[in-house]
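**Student:** Build me a structure from this.
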Amino acid sequence: MPVERTEHRGADELHKYYEVYETIGSGGFAKVKLGRHLLTGEKVAIKIMNKKALGDDLPRVKVEIEAMKNLSHQHVCRLYQVIETSTQIFMVLEYCPGGELFDYIIAKDRLSEEESRVFFRQIVSAMAYVHSQGYAHRDLKPENLLIDEDHNLKLIDFGLCAKPKGGLGYELMTCCGSPAYAAPELIQGKAYIGSEADVWSMGVLLFALLCGYLPFDDENHMLLYRKITRGRYDNPRWLSPGSVLLLNQMMQVEPKRRLTVRQLLDHPWATKDYNSPVEWHSRQPLGHIDEDCITEMAVNMKRSRESTTVLVKEWRYDHTTATYLLLLSKKQRGKPVRLRREPAVFEGSCSPLHQGLQSREALHFSEDEDAIIVGSLDFGSDYIDDCPWVSVKKHTPQGVRGQPDGAATTRLASPSAEKRFAYSPTPERGRKTTPHRQERRDRDQEQTSENKENIGSQEKDIEIFALPPPRTPVSSKKNARSNKNVLTTPNQNVNGTKTNGGTPKGGDSASKEHNKKRAADIKELANIEIMAFSPERRSRSLDMAATEDSGKKKRGGKVFGSLERGLDKMITMLTPSKRRALRDGPRKIKVQYNVTLTSQTNPDQVLNQILSILPEKNVDFTQKGYTLKCRTWGDFGKVTMAFELEVCLLQRPEVVGVRRQRLKGDAWVYKHLVEDILSSSSI
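**Tutor:** Numbering: from 1, shown residues only. All right, here's what the predicted structure looks like:
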C-alpha cells in the first residue's frame, strides 16, 4: 500500500473519532495533545510520535504499547487506542489534568507525612500490581506519575519496563532509568532483579515527597554514583522516626536486605490511620466485561449483544476498545452509560461507531501541530478542565440540518444573527409541523425578510460602532455584512429602533456627531470588557466571532489555525488601535502548581529582570510577548534543557506571577536552574 494512503488512513481514523485540541505536553520526539472522544464526550490525551524522530527509541515505544495493553489498574494510566501509520504513532491515553507529581511537590515545597502516605499507598498499589503481571518498571520517579481529576496518581512511561521470560526473579543486565533514582547494583553494572531495583526507586521517591529534594544529588555524575553506592544520605529534622525507619529499609545498598513490595502492603507506616493493608488488586480487570457498556454499544452499532461482546473481547485497541473503556470509565465515575445519538455523516452509512460521527472535512484540523484547533484559549493542563468545550464548528443537530453551514444553535450578540442561526426553514424529517411551530416559522421568515429590507440602514448604523474586518483577497460583501452583526450597541437594535433611551436613527449632523462620540466611548468600553473577560467568556466570544465571521469560509475546510489569528479578528472588529495592547499584554490565569508568585505589580519590570539574568546563567532564549522559551546546551551542541517561563497576571488584583514549565531535561536540574534564575531576578 502506498505511503500516502496509509498515512491518510491513520490520520483520518484519528480525526473521525476524536476532536483534537491544544498541545499540553511535549518532549524530544513526541507531543501530547488534549482530545475529546466524540461518542462518549470523554477527554483523552493523544500522544503523537514521529517514527523517524524516534530512531533507536522506536523499540522502546513498542515495549511501552505492549505493556500498557496488558496492564489494567486504577493507578496505571489507561491506554485506549493505538493508531499507527508509516511515519507516526498515535497513542490515545487517559487524561490526567493535575499534571506531574513532580510539579506538585515543587509547588508545595514538600508534602506532609499524611499526604505523602496517601500518594505512597497508591504507588505501592500500582507497583504491586505491575510486579504481579511479571513487569519491572525500572524508571519510577515523580515525573512518571500523573495526578488525575480525583487527585489520584496514575503511573506512566513503561518504555524502560522489562518482562523477563523466566519470571520476575530472572536477573537483568541493562542499566537504564534516571541516575538519581537508580539502585546501586544498576550503577555498578551488576546483574539485578527488576523488582528489587524498583523498591530502591520507591524509597528515593518517598524521600522526595517528604523532603522536597533528593537523597542523592550532585551535578557531577561520578560523585553522584559514589553517594548512591555508599547509600549514605542525611535525614532532615522534620522526618518522624517511622519515616526514617521505612526509608532506611527501602534504600538498603544490599538488594536482599531491602523490603519487598509485598511487605510494603501492610507495613506499619503505610497502614497508619488506615488500619488496612494497601489494596493492590485491579478494580477493572480486562477479563471482566460490563453488561451495561456492552448493551449501550450494541444499540449504537446495531448489533447483537453477543457479537458486540466478541468484538470487545478481541482487545485490538482500536475504536471499539476505546469506546468500551471510556464508557466503563464513565460508569465507574458515576456518569450515565450513554453514547451520543448523533446521525452518521453519510446517508445510508452504518452506525457512528463504525463510520465515525464526522468526516475529516467537518473537523477542520490545522496543518500546524501546535495550532489551537478550537476557539478555546491555551491555559495549560491545570486549567483545561475548566475550559468550555466549544468548538468552532458544532455538530449539526437533526432539527437544523437545513442550515447552510451546519452551525449549531448559538446565541449571538446580534438578534438578526440569532434568528438566522437558531431556526431552520426546513421542517424536521418525519415530524408534522404543528400550527404553533408553523406560525413561529412564518413569523421568523417575515422578520428575516424585514431584516433583508433594512440591510442598508443596518450597515449604515452598525458601521458607527464596529470597524469592518481587515481586507482579504477572498472577502465578500456578504461576509463583511455578517461581521458587522457581531457587535451592536447595548441600547440600540440593529435596525436603528430606539430602545432604553438610545439615540434614534437620524440623518442630521448633530445626531451624527453624537453617534461618533458615543461610538468612541463604546469602543473603549468594549475593549476594557474583553480584557476583563474570564477565560471562559473570552473563549466563547472568540468562538462567536469565528462562527459569525467565517461561516462561509468554513465550507472550504478552514478555521482559525491559531489563537493569534482568531484573536486578531476579534480585536479588529473592536478597534485596531487597541490590538497591540490586547495581544502583547500578559495572560490572566488561575493560580496553578507551576506558577511562582512575585512581590512585583508591574509585569514589564518582572520580564526585564528575568531577561537580564538569563545570559548570566548561560541560558539561550527566544521571546514571544511575555513568554520566554529557554534552552541550555551541552558540550557537543545538544540541547540539555528546555523550559518555558511566562510572566502572567493572576486572577486577583495587583499580583504578577511567573509560570514555569519543563519541556526537556532532568527535572531536578531544571528545578535548581529555575529557582536560581527567579531568586537572582529579585522578584
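
**Student:** got a list of contacts for the helix or strand hosting V310?
**Tutor:** Remark: V310 resides in helix 305-312, with elements defined by DSSP states H and E. For helix 305-312, contacts defined as Cβ atoms under 8 Å, 6 or more residues apart in numbering pick out 289, 291, 294-295, 297-298, 301, 303, 320-321, 324. From N, CA and C alone the C-beta is placed, and that goes for glycine too.

**Student:** which SSE is L259 in?
**Tutor:** Here L259 is assigned to no helix or strand, by DSSP H and E.

**Student:** Low-confidence regions, this protein specifically.
**Tutor:** 1-10, 28, 342-584, 652-654 (pLDDT under 70).

**Student:** For I106, give me its contacts.
**Tutor:** 212, 593-594, 671 are the contacts of I106 under Cβ under 8 Å, 6+ apart.

**Student:** Repeat the analysis, applying 7 Å as the threshold.
**Tutor:** K671 (Cβ atoms under 7 Å, 6 or more residues apart in numbering).

**Student:** Quick check: phi and psi on it?
**Tutor:** phi -60, psi -40 (degrees, to the nearest 10).

**Student:** Starting from L650, give me the distance back to it.
**Tutor:** 18 Å (Cβ to Cβ, to the nearest Å).

**Student:** got a list of contacts for stretch 268-282?
**Tutor:** So stretch 268-282 is contacted by 72-74, 117, 120-121, 124-125, 128-129, 242-243, 246, 264-266 (Cβ under 7 Å, 6+ apart).

**Student:** switch to 6 Å and redo it
**Tutor:** 72-73, 121, 124-125, 128-129, 242, 246, 265-266 (Cβ atoms under 6 Å, 6 or more residues apart in numbering).

**Student:** list the buried ones in that stretch?
**Tutor:** Residues of stretch 268-282 classed as buried by neighbour count (16 or more other Cβ atoms under 10 Å): 269-270, 277-280, 282.

**Student:** so how far does stretch 139-150 reach from one end to the other?
**Tutor:** With Cα to Cα, to the nearest Å as the measure, stretch 139-150 spans 24 Å from end to end.

**Student:** Revised request: answer the last question for stretch 207-225.
**Tutor:** Span of stretch 207-225 from end to end, Cα to Cα: 18 Å.

**Student:** repeat for stretch 257-274
**Tutor:** 26 Å.

**Student:** the strands in the stretch 1-150 of the chain, which residues?
**Tutor:** 18-26, 30-37, 43-50, 79-84, 88-94, 145-147 (DSSP state E, counting those that start in this stretch).

**Student:** Quick check: which helices or strands does the fifth one pack against?
**Tutor:** Okay, so that is strand 88-94. strand 43-50, strand 79-84 (3 or more Cβ pairs under 6 Å, 6 or more residues apart in numbering; DSSP states H and E).

**Student:** what does the third one give?
**Tutor:** Contact partners of strand 43-50 among helices and strands, from 3+ Cβ pairs under 6 Å, 6+ apart: strand 30-37, strand 88-94.

**Student:** how far off strand 79-84 does the last one point, in degrees?
**Tutor:** Translated: strand 88-94. 170 degrees (axes from the mean of the first three to the mean of the last three Cα atoms, to 10 degrees).

**Student:** cool, and the longest one?
**Tutor:** For the pair strand 30-37 and strand 79-84, the angle between their directions (the same axes, to 10 degrees) equals 120 degrees.

**Student:** Output the contacting helices and strands for strand 30-37.
**Tutor:** strand 18-26, strand 43-50.

**Student:** That strand pairs with which strands?
**Tutor:** Within its sheet, strand 30-37 is paired with strand 18-26 (antiparallel), strand 43-50 (antiparallel), according to DSSP bridges.

**Student:** mind giving me TSV with those strands and columns for distance to L186?
**Tutor:** Formatted as TSV, the strands paired with strand 30-37 follow (distance: least, Cβ to Cβ, whole Å):
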stretch	distance to L186
strand 18-26	27
strand 43-50	26
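
**Student:** re earlier: so can I have TSV of the helices and strands packed on strand 30-37 showing mean neighbour count and distance to K624?
**Tutor:** Shown next, in TSV, are those (neighbours: other Cβ atoms under 10 Å; distance: least, Cβ to Cβ, whole Å):
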stretch	mean neighbour count	distance to K624
strand 18-26	20	15
strand 43-50	21	22
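
**Student:** closest to L614 out of the ones you listed?
**Tutor:** strand 18-26 (20.7 Å; Cβ to Cβ).

**Student:** nearest residue to D266 other than its sequence neighbours?
**Tutor:** In space, and not counting its chain neighbours, D266 is closest to P277: 4.0 Å by Cβ to Cβ, 6 or more residues apart in numbering.

**Student:** meant to ask about K47
**Tutor:** The shortest distance from K47 to any non-neighbouring residue, by Cβ to Cβ, 6+ apart, is to M91 (4.2 Å).

**Student:** ok, how many other residues are close to that neighbour?
**Tutor:** When neighbours are defined as other Cβ atoms under 10 Å, M91 has 23 of them.

**Student:** quick one: it and L264, what's the gap?
**Tutor:** 30 Å.

**Student:** repeat for K141
**Tutor:** For K141, the distance to L264 equals 18 Å [Cβ to Cβ].

**Student:** So for those two, which sits in the more crowded spot?
**Tutor:** Using other Cβ under 10 Å, the more surrounded residue of K141 and L264 is L264, with 26 against 23.

**Student:** got a list of what that one touches?
**Tutor:** Neighbours of L264 in contact, by Cβ under 6 Å, 6+ apart: V124.

**Student:** For my notes, confirm it occurs in a helix.
**Tutor:** Yes - residue state for L264 (DSSP: H, G, I helix; E, B strand; the rest coil) corresponds to a helix.

**Student:** Would you mind measuring from it to V124?
**Tutor:** On the measure of Cβ to Cβ, L264 and V124 end up 5 Å apart.

**Student:** Spell out the secondary structure type for the residue nearest to K664 when sequence neighbours are not counted.
**Tutor:** Distances taken as Cβ to Cβ, 6+ apart put A642 closest to K664, at 4.0 Å, once the chain neighbours are dropped. What three-state DSSP gives for A642 is strand.

**Student:** Start the count at 55 instead of 1 going forward.
**Tutor:** I'll keep to 55 as the first residue from here, and by that count the last item is A696.

**Student:** A696 contacts C684, doesn't it?
**Tutor:** No - the criterion here is Cβ atoms under 6 Å, and A696 misses it with C684 at 7.1 Å.

**Student:** more neighbours, these two?
**Tutor:** C684 (23 against 19).
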